[in-house]
Structures are given as C-alpha cells and as structure tokens.
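Visitor: sequence? don't have it. structure:
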Ligand SMILES: Cc1cc2nc3c(=O)[nH]c(=O)nc-3n(C[C@H](O)[C@H](O)[C@H](O)COP(=O)(O)O)c2cc1C
C-alpha cells in the first residue's frame, strides 16, 4: 500500500486499516477460513450469523449461480452460540477486528447472543434484521420499525462494544427503519442483505431452491445497495456500511461516494478469489492516485448534492 494514500476508516470506535470487510455468511463459519481472509487483506471480518441453538438450515439445493449473481436460501445454518465460542477464541490472535453477527426471534434472544459474543471477545456486533428467507427471523423482524428500535435499544443497553444493524432493501420504507435503528442508539447501519428472488427450472417446472424463494447477491444487486446506502446516509447521522455486489474497487468507490464509510464483500470472493480484498484496495488506491485524492475519508458521501 502506498504511504501517500490513506485508506484507513473509522466506524464508531472501530478503526480499520482499509475499508473492506468480509460480509456475513461467506467463509466465516470457522476460524480457519476467517484467518485466511484476514491474511488476504480484509480490514475486518464479520462472522456467519449465529443463533442461540444449533440449526441445520434448509435441505439442498440451497445455492445456485444465476446470470448476474448468486441465489441462496441456506436457512441460517448455525452451530449455536455455545459451540461458536470455541471458534472465536481461536480467532483472537489475528490483529483484524472481528464483528459478531447474530440473529434472534425477539429482543431477549438478541440480548443473550450479544452478551455472549462480547464475552467471547468480538470487537463489535452486527444484528441481522434482514435475512430474506428464514421464517421468524431476519427480515420478518427488520421490517417493523418498533421492533427494530426496541431490539437495538435493548442490545445497546447490554453490551459495551459498538452495535451495527444490518437492513434489507425488501421493506416499503427504508428511511423509517433506518431512523428506528438510530433512535435505538445503534453505532452504525449495514445495508444491504440479499434481495428476495427466485429461479424456476423449466424442465422440472419447479423452483430450483428447496425453499423456493431465496436471496440474490452479486453484481445484479449493486445498484439497489447503492440506492439504499444513499437514502440511509441522507436520513441518519450514524456511519453506514455498504454491501451488495461489490467486486471491484470502482464498485466500492460508488458505495463510498453514496455515503458508506466501509464496504463488505461476500459473493465477490466467488468471482475474484480470496484476495479480492487486496485487489479491491489496490484498485481504490489506483483511482485515488489518478484523481489526486489522498484520504479515502474525503470521498465518503461526496455524491450527495
Ligand atoms: C451463501 C450466503 C450466505 C449468507 N449468509 C448470511 C448470514 O448468515 N447473515 C447475514 O447477515 N447475511 C448473509 N448473507 C448476505 C451477505 O452477507 C451480503 O449481505 C449479501 O450477499 C450481499 O453482498 P454480496 O453481493 O457482496 O454477496 C449471505 C449471503 C450468501 C451469498
């Protein structure tokens, strides 16, 4: 990295050496792959979303590549919070911030999970209020501003580490939900999760996924994510983390100009390999050099007129 270009960023009290973060659910269920991602240049890592009890998730097929991205309905498979503690203990030797992602069906569950993650030593929490295909969890909670505010508030009262709330584009009034997150006292908003979608197999005349409906990620959803980040940044004063379809430095810069202080990358790993983080940082740096920008933070939100 060039000493003349400053890629560091801050989200609440969390300091990142660069703005790229591993998104929840992709190669982050075990410490081995998370270590590899940390070694591939990521500025921070988000864990797979973890619930209270072990969950198998949905039967196969759970994932399929489509024209412009990937469709999945994993059904939030998770080892359960007790079991996951062992993974996190082993992660602590890595000098990259770890953000514990959690999902629950009510405030009590989120609080219990948040406390456990903090006890295990995670540097921040990400509340998954946006998974589009898990009944009773995720988006079913994240589309109700009253619930969003209450859960955020209750978790904030129970932990000392920063709390981020991950939202979905599949809501009728995203600004209303973002306001609820801010009123609940969150330290940041993450947008977006996968977008509700489906694929039909013409020969079988049936949906491809066992769960029928899933969440779309990758290139196709980037314009949706950029729009959401732009709207959220206009609505609240807390930092925004952008996610959805980021595969290149230019993609990341679009999110940053829309108002994101950092970006997460998930499906991009599938298309550009594990070192996508290093590649994206190099491309951001190249763009900044070419345009005479020294500090990445100077670009956050510049697209707002
Ligand atoms: C296979 C798969 C599993 C995912 N699991 C989770 C999850 O457990 N929790 C969560 O908040 N998001 C989950 N996501 C959503 C991603 O974190 C991200 O928000 C979404 O994929 C959009 O980013 P991308 O286009 O860079 O992949 C998952 C996505 C994929 C593709």
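Guide: Yes, it's here. Bear in mind that the values here come from a model prediction, so they are computed numbers and not experimental data.

Visitor: need the contact list for residue 45.
Guide: Residues near residue 45 by C-beta atoms under 8 Å, 6 or more residues apart in numbering: 21-22, 28, 34, 37-38, 91, 96-99. Placement of C-beta: from N, CA and C, glycine included.

Visitor: Next, give phi and psi for the nearest residue to residue 183 once chain neighbours are set aside.
Guide: Excluding the flanking residues, the one nearest residue 183 by C-beta to C-beta, 6 or more residues apart in numbering is residue 149, at 5.3 Å. Backbone geometry at residue 149, expressed as degrees, to the nearest 10, gives phi -60, psi -40.

Visitor: neighbours around residue 149, how many?
Guide: 20 (other C-beta atoms under 10 Å).

Visitor: Pull the contacting residues for it.
Guide: Residues in contact with residue 149 (C-beta under 8 Å, 6+ apart) are 180-181, 183-184.

Visitor: Report the secondary structure element holding residue 203.
Guide: Using DSSP states H and E, residue 203 sits in no helix or strand.

Visitor: Now that we're looking at it, what pLDDT does it have?
Guide: At residue 203, the model reports a pLDDT of 97.

Visitor: I'd like to know how far it sits from the ligand.
Guide: 25 Å (C-beta to the nearest ligand atom, to the nearest Å).

Visitor: do the same with residue 44
Guide: Residue 44 is 13 Å from the ligand, by C-beta to the nearest ligand atom.

Visitor: what's the burial count for that residue?
Guide: Neighbours of residue 44 using other C-beta under 10 Å come to 26.

Visitor: what is it paired to in the beta sheet?
Guide: residue 21 (DSSP bridges).

Visitor: where along the stretch 51-200 of the chain do the helices fall?
Guide: With DSSP state H, counting those that start in this stretch as the criterion, the stretch 51-200 of the chain has helices at 81-91, 107-120, 139-142, 145-158, 174-183.

Visitor: Who are the packing partners of the first one?
Guide: In terms of contact count using 3 or more C-beta pairs under 8 Å, 6 or more residues apart in numbering; DSSP states H and E, helix 81-91 is assigned the packing partners helix 31-39, strand 98-102, helix 107-120.

Visitor: which stretch among the ones you listed comes nearest the ligand?
Guide: strand 98-102 (5.4 Å; C-beta to the nearest ligand atom).

Visitor: Flag every residue of the protein that's near the ligand.
Guide: By C-beta under 6 Å from any ligand atom, the residues of the chain that approach the ligand are 23-26, 48-49, 63, 70, 72, 74, 76, 101, 128, 131, 166, 193-194, 217-218, 221, 243-246, 265-268.

Visitor: if I look at residue 246, how far off is residue 186?
Guide: In this view, residue 246 and residue 186 are 22 Å apart by C-beta to C-beta, to the nearest Å.

Visitor: how close does the residue nearest to residue 183 get to residue 192?
Guide: 19 Å.

Visitor: And residue 172, by the same measure?
Guide: 15 Å.

Visitor: Kindly report the same for residue 121.
Guide: Residue 121 is 28 Å from residue 192, by C-beta to C-beta.

Visitor: out of the two, which sits in the busier spot?
Guide: Neighbours were counted for residue 121 and for residue 192 using other C-beta under 10 Å; residue 192 has more, 29 against 14.

Visitor: quick revisit: a markdown table please, covering the contacts of residue 45 and showing pLDDT, neighbour count and distance to residue 291.
Guide: Putting the contacts of residue 45 into a markdown table (pLDDT from 0 to 100; neighbours: other C-beta atoms under 10 Å; distance: C-beta to C-beta, whole Å) gives the following:
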| residue | pLDDT | neighbour count | distance to residue 291 |
| --- | --- | --- | --- |
| 21 | 98 | 30 | 24 |
| 22 | 97 | 30 | 27 |
| 28 | 85 | 23 | 33 |
| 34 | 90 | 25 | 33 |
| 37 | 93 | 25 | 29 |
| 38 | 92 | 21 | 29 |
| 91 | 79 | 21 | 36 |
| 96 | 93 | 20 | 28 |
| 97 | 95 | 21 | 28 |
| 98 | 94 | 23 | 33 |
| 99 | 96 | 26 | 30 |
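
Visitor: ok, those residues vs residue 212, which is closest?
Guide: Looking at those and their distance to residue 212, the nearest is residue 28, at 26.0 Å (C-beta to C-beta).
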